[in-house]
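S.K.: A structural model of the following input is requested.
(chains A and B, ligands or ions: 2)
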Amino acid sequence: MSEVKILTGNQAAAAAVKLCKVQVISAYPITPSTSLTETLAEWIERGELKAEYVRVESEHSVMTVCVAAATVGARVFTSTSSHGLLYMHEQLHWAAGSRLPIVTCVVNRGVGAPWSIFNDQQDSIAQRDTGWIQLYCRDNQEIIDTVIQAYRIAEQAYCPVMVCYDGFVLSHTMMPVEIPDAEKVNAFLPPYKPHTFLSPEEPRNINPVIFPSQRRDDLGILRDGYMEFRWKLQNALEGAREIIVAANREYAESFGRDHGGMLWSYKTDDAEVCIVGMGSLASEATAAADLLREGGIRAGVVGIRAYRPFPRQEVREVLKKAPAIVIFEKNVSYGYEGALSADLKAALYGTGIDAPVHNYIAGLGGRDVKAAELAEAVRASLADIASGTRERQTWLNCVTE
Amino acid sequence: MEIKDDNISAMCRPAIGEAGRTGDWRDSTPVIDPAKCIASLKNRPACYLCWLYCPEGVVITGNPIRIDLDYCKGCGICAEECPARAIAMVMHEEAKNE
Ligand code: SF4
Ligand code: SF4
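M.R.: Ligands and ions are numbered 1, 2, ... in the order given. The predicted structure follows:
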């Protein structure tokens, strides 16, 4: 039977990992992800979770352990934040290139210098191009449900998945969470079937040097060149859209909760301005939209759930009637603009959707973002748009003078 | 012979390449023409510059000279150094068909 508990985001993620019958966990403590793996370690120690916990000296080794364990057919998990994720970067490429369905929770936190332990999404955005699927959660219920879906997605697409959620804002904040019934999770998530299984009986070399072009090996079998492997990974991520949508739909059918597949929307049908965001910031934006509506401005919200693969078609569909778009995001692609803003505009290019797009960088390093401030920024943007300012990059609540 | 490997991650099988064996990752293979090789022509231990320069030490002196292809990495230094141009570097697949 499912039960409702008051849980932090990290506890919700841990509960999901347990339900998914993960076999190998390796992790290195880094705030704010630490309490997630601490919970798992405790359960393993008490015998409540039958998994191998591998302690290593760094996040680089963490992902190496995950890659090795997934290669021999284990369902694996890890979580990290900020510099831990950055330190893992090289191994993230190895995991994706080997097409291993590893699931990692990224408890989003800003990166130094200078030191900060507080939330923004610069860490996971910086891993955008590693070949991992990235899903962003807006609350603790979505965290538990998304981790369960993530294994299903990863094991169908043969791509690793990052489940990203905001540090402290969600990881350490308690809210009621329905823990799904274990039997139903087993039915939703069949055991992992590896595409390769290392064994002494059938020795193989994994990831040997790959040449630029295809070539035949000693047995006359035509092996791919480097580009073919890259193309297959790209194709897998593009193809993951359908898998993500189907996982969400089937999850909704069996557990009664629909988180929106690639993205979710709130009051967008009649919206004269659409606010776009990811994670808890998008959730906060729904409160801003309500405030704006009270003030007579018909605002809606689009929450990007899958950032990679990017919901190209879905944003075109949901934003096709929007007269104005305001994006809030907790990251910046230095020297350009917010990463989401750049990607979103690219998705709209040439489609005939010609709404002005204003981009706000907000809440970096844990700076508080209130719904009223978001609403105020939208109002300011609408006034600017009315006087002809089509593009705008602004840092919200940043004292620049 | 259209056998294609559809695997989604890079693998080769059987496991070759251990202990310095170059196995199938050599791109080109040295092929010696005895009609040009000085040692063969003179029918005595002569020249052997290929043996001297091979960085892997896989040229076996004798008459005719031989190369241990299990360990040859196909660098082509032997062919470069051969004063008689008796060694040709032949692309992997063609060399195997000989
Ligand atoms: S190709 Fe290189 S490794 Fe092979 S025999 Fe010649 S020098 Fe030695
Ligand atoms: S270097 Fe050339 S000529 Fe000299 S022994 Fe080797 S193959 Fe023969």
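
S.K.: can you check the pLDDT for the closest residue to ligand 2 within the stretch 101-250 of chain A?
M.R.: When scored by CB to the nearest ligand atom, the stretch 101-250 of chain A has A:Asp218 as its residue closest to ligand 2, at 25.9 Å. For the C-beta atoms, the positions are set from N, CA and C on the backbone; glycine is no exception. According to the predicted model, the pLDDT of A:Asp218 comes to 71.

S.K.: what values do phi and psi take at it?
M.R.: Dihedral pair for A:Asp218: phi -60, psi -30, per degrees, to the nearest 10.

S.K.: how close does it get to B:Met11?
M.R.: In this view, A:Asp218 and B:Met11 are 14 Å apart by CB to CB, to the nearest Å.

S.K.: which residues of chain B score low on pLDDT?
M.R.: In the prediction, chain B carries residues with pLDDT under 70 at positions B:1-2, B:13-20, B:23-25, B:92-98.

S.K.: where along it do the helices fall?
M.R.: Ranges of helices in chain B, per DSSP state H, are B:38-42, B:49-53, B:77-81, B:92-97.

S.K.: tabulate those in a markdown table, adding columns for distance to ligand 1.
M.R.: Output for the helices of chain B, formatted as a markdown table (distance: least, CB to the nearest ligand atom, whole Å):
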| stretch | distance to ligand 1 |
| --- | --- |
| helix B:38-42 | 15 |
| helix B:49-53 | 6 |
| helix B:77-81 | 3 |
| helix B:92-97 | 11 |
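
S.K.: indicate which one of those helices is closest to A:Val273.
M.R.: A:Val273 lies closest to helix B:92-97 among the helices of chain B, at 61.9 Å (CB to CB).

S.K.: the helices in the stretch 1-150 of chain A, which residues?
M.R.: A:9-19, A:34-46, A:59-71, A:82-97, A:122-125, A:140-157 (DSSP state H, counting those that start in this stretch).

S.K.: quick check: the residue of chain A nearest chain B.
M.R.: Nearest to chain B, among the residues of chain A, is A:Pro203, at 3.6 Å (CB to the nearest CB).

S.K.: pLDDT wise, what is that residue at?
M.R.: According to the prediction, A:Pro203 has pLDDT 75.

S.K.: near it, how many other residues are there?
M.R.: Counted with other CB atoms under 10 Å in any protein chain shown, the neighbours of A:Pro203 add up to 12.

S.K.: just the strands in chain B please.
M.R.: Using DSSP state E, the strands of chain B run over B:11-12, B:28-32, B:59-60, B:66-67, B:87-91.

S.K.: can I get those strands in JSON lines with distance to chain A and mean neighbour count?
M.R.: Putting the strands of chain B into JSON lines (distance: least, CB to the nearest CB, whole Å; neighbours: other CB atoms under 10 Å in any protein chain shown) gives the following:
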{"stretch": "strand B:11-12", "distance to chain A": "5", "mean neighbour count": "21"}
{"stretch": "strand B:28-32", "distance to chain A": "12", "mean neighbour count": "20"}
{"stretch": "strand B:59-60", "distance to chain A": "22", "mean neighbour count": "17"}
{"stretch": "strand B:66-67", "distance to chain A": "17", "mean neighbour count": "16"}
{"stretch": "strand B:87-91", "distance to chain A": "10", "mean neighbour count": "17"}
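
S.K.: of all those, which one is nearest A:Val301?
M.R.: Across the strands of chain B, A:Val301 has its closest neighbour in strand B:11-12 (45.3 Å, CB to CB).

S.K.: which other helices and strands contact that closest one?
M.R.: When contacts are defined as 3 or more CB pairs under 8 Å, 6 or more residues apart in numbering or on different chains; DSSP states H and E, strand B:11-12 packs onto strand A:205-206.

S.K.: quick one: is the strand it packs on near chain B?
M.R.: Yes: counting by CB under 8 Å from any CB of the partner chain, chain B has neighbours in strand A:205-206: A:Asn205, A:Ile206.

S.K.: what is the subsequent helix or strand relative to that strand?
M.R.: Using DSSP states H and E, the helix or strand that follows strand A:205-206 in sequence is strand A:215-216.

S.K.: the helix or strand that that next one is followed by packs against which elements?
M.R.: Where DSSP H and E defines the elements, the next helix or strand beyond strand A:215-216 is strand A:222-223. Of the remaining helices and strands, those touching strand A:222-223 by 3+ CB pairs under 8 Å, 6+ apart are strand A:215-216.

S.K.: returning to that earlier point: out of the helices of the stretch 1-150 of chain A, flag the one nearest ligand 2.
M.R.: helix A:82-97 (41.2 Å).

S.K.: circling back: dump the helices of the stretch 1-150 of chain A to TSV, plus distance to ligand 1.
M.R.: Listed next are the helices of the stretch 1-150 of chain A as TSV, based on distance: least, CB to the nearest ligand atom, whole Å:
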stretch	distance to ligand 1
helix A:9-19	50
helix A:34-46	49
helix A:59-71	32
helix A:82-97	29
helix A:122-125	46
helix A:140-157	42
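
S.K.: will you turn the ones you listed into CSV that also has distance to chain B and mean pLDDT?
M.R.: Conversion of the helices of the stretch 1-150 of chain A to CSV gives the following (distance: least, CB to the nearest CB, whole Å; pLDDT from 0 to 100):
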stretch, distance to chain B, mean pLDDT
helix A:9-19, 24, 98
helix A:34-46, 27, 98
helix A:59-71, 9, 97
helix A:82-97, 7, 98
helix A:122-125, 24, 98
helix A:140-157, 10, 98
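
S.K.: residues of chain B that sit close to ligand 2?
M.R.: B:32, B:37-39, B:47-50, B:65, B:82, B:84, B:86-87 (CB under 6 Å from any ligand atom).

S.K.: in ChimeraX, select just the buried ones from these.
M.R.: Filtering those down to the buried ones (16 or more other CB atoms under 10 Å in any protein chain shown) takes a single ChimeraX command:
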select /B:32,37,39,47,49,50,65,82,84,86,87
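
S.K.: what's around A:Arg99, how many residues?
M.R.: 23.

S.K.: could you do A:Glu90 as well?
M.R.: 11.

S.K.: A:Leu374 now?
M.R.: A:Leu374 is flanked by 29 other residues according to other CB under 10 Å.

S.K.: that one reaches A:Ala288, doesn't it?
M.R.: Yes: with contact defined as CB atoms under 8 Å, A:Leu374 reaches A:Ala288; the gap is 3.7 Å.

S.K.: find residues that contact each of these two.
M.R.: Common neighbours of A:Leu374 and A:Ala288, using CB atoms under 8 Å, 6 or more residues apart in numbering or on different chains, are A:Ile275.

S.K.: tell me which residues of stretch A:345-364 come out buried.
M.R.: Of all the residues in stretch A:345-364, those buried under the rule 16+ other CB under 10 Å are A:345, A:347-348, A:353, A:355-364.

S.K.: the closest residue to ligand 1 within the stretch 101-250 of chain A: neighbouring residues, count only.
M.R.: Nearest residue of the stretch 101-250 of chain A to ligand 1: A:Val209, at 16.3 Å (CB to the nearest ligand atom). Applying other CB under 10 Å, we find 10 residues neighbouring A:Val209.

S.K.: near chain B, which residues of chain A show up?
M.R.: By the rule CB under 8 Å from any CB, the part of chain A lying against chain B is A:97-100, A:158, A:195-196, A:202-211, A:215-224, A:229, A:232, A:236.

S.K.: and with 7 Å instead?
M.R.: A:98-99, A:158, A:195-196, A:203-210, A:216-218, A:220-224, A:229, A:232 (CB under 7 Å from any CB of the partner chain).

S.K.: indicate which one of the strands of chain B is closest to A:Gln134.
M.R.: Comparing those against A:Gln134 with CB to CB, the closest turns out to be strand B:11-12 (26.9 Å).
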